[in-house]
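**Q** 3D model of this:
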Amino acid sequence: MEVVDVHGTPHRAVEAGHQRRLATVFGEVGVARLAYRRRGHPNLHPADAVLNLPAERHSHGLRRLAALEAARGSFDGTVEAIGRCTGQPLGKRQAEQLAARAAVDFDDFYAGRAPPTAGPDDVLVLSCDGKGIVMRPDALRAATAKAAAEGATKLSTRLSKGEKRNRKRMATVASVYDLTPVRRTPADILPAAGDDADQATPAPTAQGKWLMASVIADAATLVEAMFDEAERRDPDHQRSWVALVDGNNHQIQRINAEARERGIDVTIVIDFVHVLEYLWRAAWSFFDEADPAETWVREKASAVLAGHATRVAAAIRRKATYHRQDPTQRAPAHAGASKAQKPSSDCEPYTATATSTPTGATTSPKRSNETTNSATPTTSSPKPPDVPSEEPHPDDFGDTSAMTDDGHLLIPGFEAPNHVEQLRPQFRDGHFAHIGIIM
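**A** Numbers count the residues shown, from 1 in each chain. The predicted structure follows:
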């Protein structure tokens, strides 16, 4: 048998006794193999390929452990975990290098394992999110590094509260998956305790999920890759496309830009779980106890799912006005109202069939002008806000004795706040009249 190198040069001299050291999960071992030699050329060791030995010192077993533990936590924790499992010492720098080498085939790995395309009736869901990560100064983007250099810090050894604004780099994660639509109502998504919870229609399950994350690439690059994967699954744009976001305006703008460039209809849906957290923040600005806050949040969340997001926002702002909250106290309520309403033409209004579950599964309308719930039709853009962004003070209404503790104006002839007619606020004689909307 003749052994040749990559250039076709034969190595005819054979020498035994050549050893290499290999660090394994069982300790360091020596591997003896033949060396095929030729003067002026590096030795060839065919046994390395037969045994699938790595080019470096650490075995594939140690590399696997380093990759798994590095994904779970810090590199210090990686070193400790490997030492605890194998009893073998591993330096922190070696752990960092092994984790980096394990990720070099990331793109090729996904390219070779593309999920199969789904049926024409399944919804194609695109989702992206971002998280700011505090970075070393030399790892910041140019604009952020410039802003950080111009800023002043209170302490010399650490950053104080509010000083991390220009110390972060945005990490973006993008996902594409298939979903079979399921007709669900607000009661299915927020079921009451007991029998109702058992009878609720379960959420659909994501299939064929594709994920990509990067702290190096910007949001525009990740959104473009997300659309590339979606177009691979639906090149003729025959399926319903839905983009699930948490309300970040930049992400929405990037999605809209890609959709326009590719000529694709995409329905943008705000993650309901994210909205729910803002409703809880608003609730804690009104209530001190959990029980009334939970009931209030459930009522407002159910109204949002039923397509009454604008009314919910108006009710929250009126409640803050009635309690005469100062700007600091009013901030959580204002944030909750804004997030529930999301007064932007870039987003679709909420519907009972356009929401998400804590696991990320989403039920959404087929097209931006269609919905599986006839009671809450989806339009191409939300209606204007029902109330101005700056609410008038209750004193502007004159006698406030006819107001409920929720900030609603009782209409003569009605027996209780729950019977208040659900009408939109109106301008009368130059004054803004709040007609109660009990959700």
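
**Q** contacting residues around the one helix or strand residue 146 maps to?
**A** Applying DSSP states H and E as the criterion places residue 146 in helix 142-150. Applying CB atoms under 8 Å, 6 or more residues apart in numbering, the contact partners of helix 142-150 are 137, 140, 166-169. In this view, the C-beta of every residue, glycine as well, is placed from N, C-alpha and C.

**Q** hmm, 10 Å instead?
**A** 132, 135, 137-141, 159, 163-170 (CB atoms under 10 Å, 6 or more residues apart in numbering).

**Q** can you pull out the helices in the stretch 151-300 of the chain?
**A** 186-189, 195-199, 219-233, 249-262, 272-284, 290-305 (DSSP state H, counting those that start in this stretch).

**Q** tilt between the very next helix or strand once past the longest one and helix 272-284?
**A** Secondary structure here is assigned by DSSP H and E; on that basis, the next helix or strand after helix 290-305 toward the C-terminus is helix 309-322. With axes from the mean of the first three to the mean of the last three CA atoms, to 10 degrees as the basis, helix 309-322 and helix 272-284 are set at 20 degrees to each other.

**Q** for helix 309-322, packing partners?
**A** Judged by 3 or more CB pairs under 10 Å, 6 or more residues apart in numbering; DSSP states H and E, the packing partners of helix 309-322 are helix 272-284, helix 290-305, helix 327-341.

**Q** weakest of the ones you listed by average pLDDT?
**A** Here the helices and strands packed on helix 309-322 differ in mean pLDDT, and the lowest is helix 327-341 at a mean of 83.

**Q** low-confidence ranges in the stretch 151-300 of the chain?
**A** 159, 162-164, 194-196, 290 (pLDDT under 70).

**Q** and residue 99, how many neighbours does it have?
**A** Using other CB atoms under 10 Å, residue 99 has 18 neighbouring residues.

**Q** hang on, the earlier thing: among the contacts of helix 142-150, filter down to the buried ones and hand me the PyMOL syntax, if you would.
**A** Only the buried entries of these go into this PyMOL selection, using 16 or more other CB atoms under 10 Å:
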select buried, resi 135+140+166+167+168+169
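
**Q** from the contacts of helix 142-150, which single one is nearest residue 125?
**A** Nearest to residue 125 among the contacts of helix 142-150, counting by CB to CB, is residue 170 at 22.1 Å.

**Q** what sits against that closest one?
**A** 130-133, 141, 144, 214-215, 218-219, 250.

**Q** rerun at 8 Å
**A** 130-133, 215, 218-219 are the contacts of residue 170 under CB under 8 Å, 6+ apart.

**Q** For the residues you listed, pick the one with the most neighbours.
**A** Going by other CB under 10 Å, residue 219 tops these with 21 neighbours.

**Q** Find the nearest non-adjacent residue to the most centrally placed residue in the chain, please.
**A** Nearest residue to the geometric centre of the chain (CA atoms, centre = their mean): residue 129, 3.4 Å. Ranked by CB to CB, 6 or more residues apart in numbering and with sequence neighbours excluded, the top spatial neighbour of residue 129 is residue 173, at 5.6 Å.

**Q** From residue 126, how far out is the one you found?
**A** Counting by CB to CB, to the nearest Å, the separation of residue 173 from residue 126 is 12 Å.

**Q** which one of those two has more residues nearby?
**A** residue 126 (24 against 16).

**Q** Name the nearest residue to that one, ignoring sequence neighbours.
**A** Counting by CB to CB, 6+ apart, the residue nearest residue 126 is residue 243, at 4.8 Å.

**Q** hang on, the earlier thing: inside strands: which ones of the contacts of helix 142-150?
**A** Among these, the residues falling in strands (DSSP state E) are 132, 168-170.

**Q** From the residues you listed, pick the one nearest residue 260.
**A** Of these, the one sitting nearest to residue 260 (CB to CB) turns out to be residue 170, at 23.0 Å.

**Q** Show residues contacting the strand or helix carrying residue 14.
**A** Following DSSP H and E, one finds residue 14 within strand 13-24. Residues outside strand 13-24 that contact it (CB under 8 Å, 6+ apart): 28-38, 43, 45, 48, 53, 57-59, 61-62, 88, 90.

**Q** Could you rerun that using 10 Å?
**A** By CB under 10 Å, 6+ apart, strand 13-24 touches 3, 28-39, 43-45, 47-48, 51, 53-54, 56-62, 86, 88-90, 94.
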